[in-house]
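K.L.:
What follows is a predicted protein model with its sequence.
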Amino acid sequence: MLEIRFHGRGGQGAVTSVELLATAAIEEGKFAQGFPSFGPERRGAPVLAFLRIDDHHIRLRCKIANPDVILILDPSLIRIQKPAADLKPNGIIVLNTNKTLAEARQEYGLTHTLAVVDANQIAKQVLGVPITNTTMLGALLRATDCVQLDSLKGPLKERFGPMAAKNIAALEEAYKKTVVEEAKS
Amino acid sequence: MGHRKGMEVSIAVSHAVALARAEAIAAYPITPQTHIVEHLSSMVANGELEAEFVNVESEHSAMSACIGMSATGARTYTATSSQGLALMHEILFIASALRLPIVMTVANRALSGPLSIWNDHSDIMAAKDIGWIQIFVKNGQEAFDHTVMAFKIAENSKVLIPTIINMDGFILTHVVEAMEFVDQDLVDKFLPPYSPRHSLDPKSPVTMGAFAMPEIYTEVKMKHQVTLMDSQQVITSVWDEWAKLTGRAYQPVERYKADNASTLFLTMGCLGEVAELAVDELQAAGESVGLIELRLWRPFPFAELRAALAGANLVIICDRALSPGGAAPPVLAEVRSALYALSHRPQTLGYIVGLGGRDVSPESFKDIYAKARMEIAQGPSQEFYLYGVRG
């Protein structure tokens, strides 16, 4: 089973992201759960969203305590939440930042396998707004093979209608620009 | 026949209500039930569902409107949670006494205070004596299936009792997961239009909800009790019919790896599948432990439950509600009562878990198992335990 935890702020679309990915994984014939952290969320407050993907029916009904992957939509959350503290030793961090890999590792003290992309810049350029959730899906697909890009397109079209094309373009741009580096031993 | 799709479970429930061709819906939104009625409201507004959707100013009015609409012979649905169920409390008894086959989803949530929007079973446990059929589901597929089946059970002429499907708030209502959906044709064949025995019609006036003198009140209550207990036969036959159509079979008392197990967990709702994972791990480690999942809460399946538990030495009953000042939390109290008549009965220990949204993981069950075994070895110090409580 693959467990991914999204760290974002209310309004950044973390919950939408896990719903899109869960739907895509299920379209591929897999089993998945996508769900929010059920807090009194409000715009701008830290929020969590959870995604599980497996080849079998998933029977867990609890939060993800030790994820395989964490995706951070807003780097300011790293100091507040310390999201990598309970990441598995061989886990992966997918980070939205305008810093380089080396700068991000140093700034935030990240030792796991790390994928970085400047999703804000891509989202502003392609979507015209700094909403990075769909853009960051490109970075996630680069860093993991949790779902195929093609199976995400259907759910994106269903969710965003005429806006889907731009979201797919932002996602593909992020896929190209994401830089991944293995864990520092 | 059907198709598999990923969807938020609340939305799937609203589709099940639409597939059942509900004709009348009255509801007031409350977290975590909101997505169900919001989506139904859209379906009615978009013309996808031909039904009357009545927006009301409270749950008291929602249930009152449901009673009126059901009394005219319309297939009637509503959903609520927590304070909403509490606010409709006095009307719930009237719906069942009038024998109106309303179907309601309860997205189980803690009662205030302190204010909590999160999941536990305190809402439905405060309403266990309302005279409705009450069923618990543990995943999205069950929530979908049982929503469709509830109409057929409630409307059966031998039953005519309103029916609640309990689904855990957030940990079930708000999860996008895979479900097998069925086609409209299958539901139409399974569930014919509701034809009421009596209905409110100005052309043919009847009295409904008349008062009862002391000479008749007890007899009415007796009839209700007998009918509710007898409804189990109809419930299981409806479930069997669904199993033939879909391959998905349900029992009032489900057994999971329980054969010859010395210790049995007993759970309701979503706790079941989490406990299954713990049972898998404990059995792999050589422990003699299994699981009983209680699906049918009202009518209480005494015979099946006794048969399922009789061979065990210890039953660990997991409640998701407290009965303050009472002898035991609600499920523990009922199970102990059911076992009391047995000459060789297992020991019982109660653990209250997951109050107000506290996470319950397979590790929690493994920890409870170890604690319960220790308690039994030493002689239990309490009637029941609030698992994981601090202070």
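P.N.:
That came through fine. None of the values given here were measured: they were computed from a predicted structure. Numbers count the residues shown, from 1 in each chain, chains lettered A, B, ... in the order given.

K.L.:
on contacts alone, who are the packing partners of the helix or strand hosting B:Lys221?
P.N.:
When elements are assigned from DSSP states H and E, B:Lys221 belongs to helix B:214-246. In terms of contacts (3 or more CB pairs under 8 Å, 6 or more residues apart in numbering or on different chains; DSSP states H and E), helix B:214-246 is packed against helix B:89-97, strand B:133-136, helix B:140-155, strand B:176-182, helix B:184-190, strand B:296-298. Every C-beta, even on glycine, is put in place using the N, C-alpha and C of the backbone.

K.L.:
Would you check that B:Glu293 makes contact with B:Val274?
P.N.:
No - assessed by CB atoms under 8 Å, B:Glu293 is found out of contact with B:Val274, at 10.9 Å.

K.L.:
Nearest to A:Pro162, out of the helices and strands packed on helix B:214-246?
P.N.:
strand B:176-182 (22.9 Å; CB to CB).

K.L.:
how many degrees apart are the closest one and helix B:140-155 in direction?
P.N.:
Computed by axes from the mean of the first three to the mean of the last three CA atoms, to 10 degrees, the angle separating strand B:176-182 from helix B:140-155 equals 50 degrees.

K.L.:
Confirm for me that A:Ala49 is in contact with A:Leu20.
P.N.:
No - A:Ala49 lies out of contact with A:Leu20 (CB under 8 Å); the separation is 10.8 Å.

K.L.:
Name the residues contacting each of these two.
P.N.:
A:Gly34 (CB atoms under 8 Å, 6 or more residues apart in numbering or on different chains).

K.L.:
What helix or strand is the residue most central in space within chain A located in?
P.N.:
By CA atoms, centre = their mean, chain A has its centre lying nearest to A:Leu71, at 4.0 Å. Applying DSSP H and E as the criterion places A:Leu71 in strand A:69-72.

K.L.:
List the contacts of that strand.
P.N.:
The set of residues external to strand A:69-72 that reach it, using CB under 8 Å, 6+ apart, is A:2-8, A:17, A:78, A:83-84, A:87, A:91-96, A:136, A:139-140, A:143-144, A:146.

K.L.:
Restrict it to CA atoms and write it as CSV.
P.N.:
Extracted in CSV, the C-alpha atoms of strand A:69-72 (Å, rounded to 0.1, in the frame of the first residue of the first chain):
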residue,chain,number,x,y,z
VAL,A,69,5.3,10.3,0.6
ILE,A,70,4.5,13.8,1.8
LEU,A,71,3.5,16.5,-0.6
ILE,A,72,3.9,20.1,0.6
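
K.L.:
could you give me the average pLDDT of it?
P.N.:
Throughout strand A:69-72, pLDDT has a mean value of 98.

K.L.:
Neighbouring strands - and their directions - for that strand?
P.N.:
strand A:2-9 (parallel), strand A:92-96 (parallel) (DSSP bridges).

K.L.:
now the shortest one, how far from the centre of its chain.
P.N.:
Here the centre of strand A:92-96 is set off from its chain's centre by 8 Å, with CA atoms, centre = their mean, to the nearest Å.

K.L.:
CA atoms of it as PDB?
P.N.:
Presented in PDB, the C-alpha positions along strand A:92-96 are these (Å, rounded to 0.1, in the frame of the first residue of the first chain):
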ATOM      1  CA  ILE A  92       9.800  10.900  -0.500                       C
ATOM      2  CA  ILE A  93       9.200  14.600   0.000                       C
ATOM      3  CA  VAL A  94       7.600  16.500  -2.800                       C
ATOM      4  CA  LEU A  95       8.000  20.200  -2.200                       C
ATOM      5  CA  ASN A  96       6.700  23.400  -3.800                       C
END
